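Q: need coordinates for the below:
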Amino acid sequence: MARSTRLTLLVLAGAAAVAGAWWWLSGTPDVRPIPSDRPPGGGALVSSVRAQPRSFNRYVARDSVTDTISYLTQAKLVRVDRRTQDLEPWLAESWTVSADGVTFTLRLRRGVQFSDGTPFTSADVLFAFRAVYEDPAAAALADSLKVGGQPLGVTAPDESTIVIRFPSAFGPGLRLLDNLPILPRHRLEAALAAGRFADAWGPSTPPSEIAGLGPFALERHDIGQRLVFKRNPYYWRKDAAGYALPYLDRLTLEIVPDQNAELLRLDAGQIDFTQSEIRPEDYANLKRAADAGRLVLHDLGVGVDADSLWFNLGPPKPGDSRLAWLRRAELRRAISCAVDRQAFADTVFLGAAVPVWGPVTAANQRWHVPDLPHCEGGADEARRLLAQLGFSDRDGNGTLESASGEPARLTLMTQKGNTALERGAAVIRDDCAKVGLQVDVAALEAGSLIDRLERGDYEAVYFRFLTTDLDPALNLDFWLSRGGAHVWFPAQPQPATPWEARIDTLMLEQVATLDQERRRAIFTEVQRIFAAELPIVHFAAPRVYVATSARVLNATPSVMRPMVLWNPDTLAVRPSNGAPAVR
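A: The predicted structure follows:
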């Protein structure tokens, strides 16, 4: 989902902050030079995305397309390399940290300009933090940029220096700034002052009104069809040979909601790569295309994202008698028991997946707990748990009913056109039917689904979070009960349950701990509580394969989305007859 669709929501993250150390990083991160047999720059590539962006303002929208566009058009003070998980200098070329580990002084790169030619200064950084912390529409992002529920203290001694003071010790250190693209003050300050920041840079905004510090600038937006990006002539990065980046002149995002159509276009050479992994059922066809030299297949191993099932545990609505049992942990545990995870992996992912019992998969080696408590009783245990809710098959029709005759029935929403999600929802429906629980699957377009989620207008959802980092301290908006991405009941004024209160306490301790082994022990306890209460039920984590056309050079896919476009400025077109291929 960006934390989602995303909802790009599940930002599980991994870095060590070192107290009492002196950090000094400088220079431009290594970029592989473009092959010497072709001129630098030029050419165009085409990718697909599944949906229309909900906004061009990453502060107020969390969908995956908006997030992808942010990678193309915006830049951050520091960046996490999605392959190595190392922290890199970006708009901040270097920094120092105080002996107590709470004050960071960042030196900004000089001479950097936005895509409209306006100079970038520390005033833009101050504006970015002000917008995030002051505008209610940016609350979810603000949560991820707080420590102990308190905002960071940010000052600017001069136009090239930023001082960031953390309210207290913070395990990941500056790594949390990977969440924050720096938007242009000169373009958005008036909207913030007028209370219109949430509506600024909506989907219908003319491209000429949007500026950024990323490698590309929006050139054209055909709503519902495509987005065309042109090379940002003011982009600040150069490769190791001194050539200005990005290499590409143009990058197009074609909006292709249907995965079957997306595959056909990839195989036909109409798009060069997708923004999601390939489906298991498509592997054989794409392998043949790779063997023929038309595509390149990248095997990235088991992914960090597992598909997720959760219920709406928010405040009950008047008159809905089902909410009493829909909100019970016994129901969630019964479904977890009813679904055979190995069969789920074999059916939904054609065997290219591993069973999981929690939100942190084995791909996240530092934070994964392999022995979480889980159901071992299968369907029999599921029936016992449903009986505890007062259900039995009173009329012998195979479906359970309550003492008043109410059927054990619920509606499960998922994303239309995403075949893995649609298959997974069908398996959940069929396995639940075997224990007498009737599940009606409703497949919605991505935009409609996210709207329903954000309004809390649903009973249960089967969807996927998108991990953007691997250190749990960097997704407190998910783990803390007050967080905007605490999807089963977001933004709780007080913890709704004792177990959520306990997780709140543990996560705040985990965040403030600099001892990395202690952080791991704390988060292990959090995962055990989560596995016992099951606010989200996880079934399997798929292996991740990415396909790119043979035209694409310098692709460095990551298991985290956007898999290719997280690193867009070094993408290039393979030369044809010694010259760049241009569309």
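Q: where does this protein dip in pLDDT?
A: 1-41, 319-322, 468, 577-583 (pLDDT under 70).
Q: after the strand ranked longest in it, which helix or strand is next? Please name it.
A: Secondary structure assigned by DSSP state E gives strand 540-549 as the longest strand of the chain. Using DSSP states H and E, the helix or strand that follows strand 540-549 towards the C-terminus is strand 552-553.
Q: could you say what helices and strands that following strand packs with?
A: strand 572-573 (3 or more C-beta pairs under 8 Å, 6 or more residues apart in numbering; DSSP states H and E). Every C-beta, even on glycine, is put in place using the N, C-alpha and C of the backbone.
Q: what pairs with the strand it packs on, parallel or antiparallel?
A: Using DSSP bridges, the strands paired with strand 572-573 are strand 552-553 (antiparallel).
Q: can you tell me what sits against the partner strand?
A: Residues from elsewhere that reach strand 552-553, judged by C-beta atoms under 8 Å, 6 or more residues apart in numbering: 34-35, 45, 272-273, 296, 564, 571-574.
Q: repeat that with 6 Å
A: 272, 572, 574 (C-beta atoms under 6 Å, 6 or more residues apart in numbering).
Q: just the buried members of those residues?
A: 272, 572 (16 or more other C-beta atoms under 10 Å).
Q: now render the contacts of strand 552-553 as CSV, adding distance to residue 213.
A: Below are the contacts of strand 552-553 laid out as CSV (distance: C-beta to C-beta, whole Å):
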residue, distance to residue 213
272, 25
572, 21
574, 28
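Q: closest one to residue 497 out of the contacts of strand 552-553, please.
A: residue 272 (47.4 Å; C-beta to C-beta).
Q: not counting residues beside it along the chain, what's closest to residue 199?
A: Once flanking residues are discounted, residue 199 sits nearest to residue 191: 7.4 Å by C-beta to C-beta, 6 or more residues apart in numbering.
Q: where does that neighbour land in three-state SS?
A: Under the three-state scheme (DSSP: H, G, I helix; E, B strand; the rest coil), residue 191 adopts helix.
Q: I'd assumed residue 197 was in contact with it.
A: Yes - in terms of C-beta atoms under 6 Å, residue 191 counts as a neighbour of residue 197; the distance is 4.9 Å.
Q: the two: who's more crowded?
A: A direct count of neighbours by other C-beta atoms under 10 Å for residue 191 and residue 197 places residue 197 higher, at 23 against 17.
Q: now do the helices in the stretch 101-250 of the chain.
A: Remark: helices assigned in the stretch 101-250 of the chain by DSSP state H, counting those that start in this stretch are 122-134, 139-143, 185-193.
Q: mind giving me the packing neighbours of the longest one?
A: Which is helix 122-134. With contacts taken as 3 or more C-beta pairs under 6 Å, 6 or more residues apart in numbering; DSSP states H and E, helix 122-134 sits against helix 139-143, strand 153-158, helix 185-193.
Q: rerun that using 8 Å as the cut-off
A: On a contact count with 3+ C-beta pairs under 8 Å, 6+ apart, helix 122-134 meets helix 139-143, strand 153-158, strand 161-165, helix 185-193.
Q: just name the most buried of these.
A: Neighbour counts (mean count of other C-beta atoms under 10 Å) averaged over each of those peak at helix 139-143, with a mean of 23.
Q: got a list of contacts for that helix?
A: Outside of helix 139-143, the residues within contact range by C-beta under 8 Å, 6+ apart are 58-59, 62, 132-133, 151, 179-180, 476-477, 480, 482-485, 491.
Q: buried set for stretch 543-557?
A: By neighbour count with 16+ other C-beta under 10 Å, stretch 543-557 contains the buried residues 543-549, 551-555, 557.
Q: which of the residues you listed lies closest to residue 523?
A: residue 544 (23.4 Å).
Q: quick one, what contacts that closest one?
A: Counted by C-beta under 8 Å, 6+ apart, residue 544 has contacts 277, 299-303, 559, 563.
Q: ok, it to residue 557 distance?
A: From residue 544 across to residue 557, the span is 8 Å (C-beta to C-beta, to the nearest Å).
Q: now do the shared contacts for these two.
A: Common contact partners of residue 544 and residue 557 (C-beta under 8 Å, 6+ apart): 300, 563.
Q: for the nearest residue to residue 130 once chain neighbours are set aside, what are its contacts?
A: Closest residue in space to residue 130, ignoring its immediate chain neighbours: residue 192 at 7.3 Å, by C-beta to C-beta, 6+ apart. Residues in contact with residue 192 (C-beta under 8 Å, 6+ apart) are 127, 130-131, 134-135, 200.
Q: okay if I get those as JSON lines plus distance to residue 248 and neighbour count?
A: Output for the contacts of residue 192, formatted as JSON lines (distance: C-beta to C-beta, whole Å; neighbours: other C-beta atoms under 10 Å):
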{"residue": "127", "distance to residue 248": "29", "neighbour count": "19"}
{"residue": "130", "distance to residue 248": "33", "neighbour count": "15"}
{"residue": "131", "distance to residue 248": "30", "neighbour count": "24"}
{"residue": "134", "distance to residue 248": "36", "neighbour count": "13"}
{"residue": "135", "distance to residue 248": "33", "neighbour count": "21"}
{"residue": "200", "distance to residue 248": "28", "neighbour count": "24"}
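Q: of the residues you listed, just say which sits nearest to residue 261.
A: Checking the contacts of residue 192 one by one against residue 261 (C-beta to C-beta), the nearest turns out to be residue 200, at 32.6 Å.
Q: count the residues that sit near residue 343.
A: Residue 343: 14 neighbours (other C-beta under 10 Å).
Q: which neighbouring elements make contact with the helix or strand it falls within?
A: Residue 343 belongs to helix 341-348 when assigned by DSSP H and E. Judged by 3+ C-beta pairs under 8 Å, 6+ apart, the packing partners of helix 341-348 are strand 353-355, helix 419-433, strand 540-549.
Q: who touches that helix?
A: 307, 351, 353-357, 420, 423-424, 427, 431, 539-540.
Q: and the angle for that helix with strand 540-549?
A: With axes from the mean of the first three to the mean of the last three C-alpha atoms, to 10 degrees defining the directions, helix 341-348 sits at 30 degrees from strand 540-549.
Q: which of the residues in helix 341-348 are buried?
A: 341, 344-348.
Q: please apply the same query to stretch 280-298.
A: Across stretch 280-298, burial judged by 16+ other C-beta under 10 Å covers 280, 282-283, 285-286, 289-290, 294-296, 298.
Q: relative to residue 312, which of those residues is nearest.
A: Nearest member of those to residue 312, counting by C-beta to C-beta, is residue 280, at 30.2 Å.
Q: so what's the residue count around the nearest residue to the closest one once chain neighbours are set aside?
A: Nearest residue to residue 280, sequence neighbours excluded (C-beta to C-beta, 6+ apart): residue 350, at 3.8 Å. Here the number of neighbours of residue 350 (other C-beta under 10 Å) works out to 17.
Q: so who does residue 350 touch?
A: 280-281, 283.
Q: put together CSV for these, with secondary structure and distance to residue 115 on each row.
A: Compiled in CSV, the contacts of residue 350 are given as follows (DSSP: H, G, I helix; E, B strand; the rest coil; distance: C-beta to C-beta, whole Å):
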residue, secondary structure, distance to residue 115
280, helix, 39
281, helix, 40
283, helix, 39
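Q: OK, contacts around residue 78?
A: When contacts are counted by C-beta under 8 Å, 6+ apart, residue 78 touches 87-92, 95, 174-175, 177-178.
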